[in-house]
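Trainee: would you be able to build a 3D model of this:
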Amino acid sequence: MVAAGGETADTVGMNAYLDGKPLTLPQPGTMAGALRAALADAERRGRVIVEVQIDGAKAPDSLLEEPPEEAVGSEVRLLSVEPVALVRTTLMDAADALESARERQGRSAELIHAGKVEDALRPLSEAIETWQTVRDAVEKSAAMLNLRLSELKAGTPGMEALVESLSGRLSEVRRALAGEDWSALADVLAYDMGDQADRWKSALIAAAEGLRPAR
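Mentor: Predicted coordinates for the structure are as follows:
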C-alpha cells in the first residue's frame, strides 16, 4: 500500500490514540508498539484497556494475542476504563445472566418430570455453562481489584460461602446425572439451584453497588 507522497505504509506506520488522545510511538508506528504504549499509559493512570479498533473496526483477538512489529492499518484507537467501573458492569451482567440460568434449570426439571430426559439435557448443559461463566467472572473481578472473594461486599452469606454452596449443589447435579437419578436431578434443579440463582443474583447486585470508583 502506498501513502500520500509515495511513502509506503511500512514507512509511515500507524497512528495510535488512547481515549481519544494521541500516543507517542517510535517510528514507524507498529501494532505491537501501539499496544505497549497504550498499556503503559493506562497502567500509569490506574486504568485497563477494554476496546481496540483498527481503522474503525474491532481488532481480532488473534492480533491482540500476538501483535506484530509492523503496521496493520493507518490508525489504532484504544479505550480504557477504571477497573471498578469494569467490574461493576461485569457483576451486573452476571446477575442478569442468572435469569437465563434459572429459566433453563426450570425447563430442564419440567422435561425430566415429563419423562423427556434427553430433551432436558440441553437446557441443563446451557444452565451449567452459564453458572461456570458467572463464577469465573466473579473470581476474575476480585483478582482485578486485588481483593479476596470474602472482601466483595455481597451481603450475607458472603461471596466465598456462595461459591462453596454452589460447588456443593453442582456436585449433587453431577451425582444425579451419573446415577441416572432423574427424580433427584429434577428436584435439585427446580428447588436447590433455583435458590442458588436467587441468592447469587442478590449477592452480585450488592457487590456491584458496594464498589466505589477510585478518587
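Trainee: got any ranges where the chain has weak pLDDT?
Mentor: Applying pLDDT under 70 to the chain picks out residues 1-12, 155, 213-215.
Trainee: which helix or which strand is home to residue 16?
Mentor: strand 15-18 (DSSP states H and E).
Trainee: what about that strand, distance to the chain center?
Mentor: Remark: strand 15-18 is offset 25 Å from the chain centroid, using Cα atoms, centre = their mean, to the nearest Å.
Trainee: just checking, what packs against that strand?
Mentor: Strand 15-18 makes packing contacts with helix 31-44, strand 75-81 when contacts are defined by 3 or more Cβ pairs under 8 Å, 6 or more residues apart in numbering; DSSP states H and E. C-beta: built from backbone N, CA, C; applies to glycine.
Trainee: just give me the neighbour total for residue 30.
Mentor: 22 (other Cβ atoms under 10 Å).
Trainee: what does residue 125 give?
Mentor: A total of 12 residues lie near residue 125 under the criterion other Cβ under 10 Å.
Trainee: run through who's touching the strand holding residue 16.
Mentor: The contact list for strand 15-18, computed with Cβ atoms under 8 Å, 6 or more residues apart in numbering, reads 22-23, 25, 29, 33-34, 37-38, 41-42, 49, 74-80.
Trainee: what are the pairing partners of it, and which direction each?
Mentor: Using DSSP bridges, the strands paired with strand 15-18 are strand 21-22 (antiparallel), strand 75-81 (parallel).
Trainee: next SSE after the last one?
Mentor: Spelled out, that is strand 75-81. Defined by DSSP H and E, the subsequent element after strand 75-81 is helix 83-113.
Trainee: which parts of the helix or strand just after that next one are buried?
Mentor: Proceeding N to C from helix 83-113, the next assigned helix or strand is helix 117-144, under DSSP H and E. Buried residues in helix 117-144, counted by 16 or more other Cβ atoms under 10 Å: 120, 123-124, 126-128, 130-131, 134-135, 137-138, 141-142.
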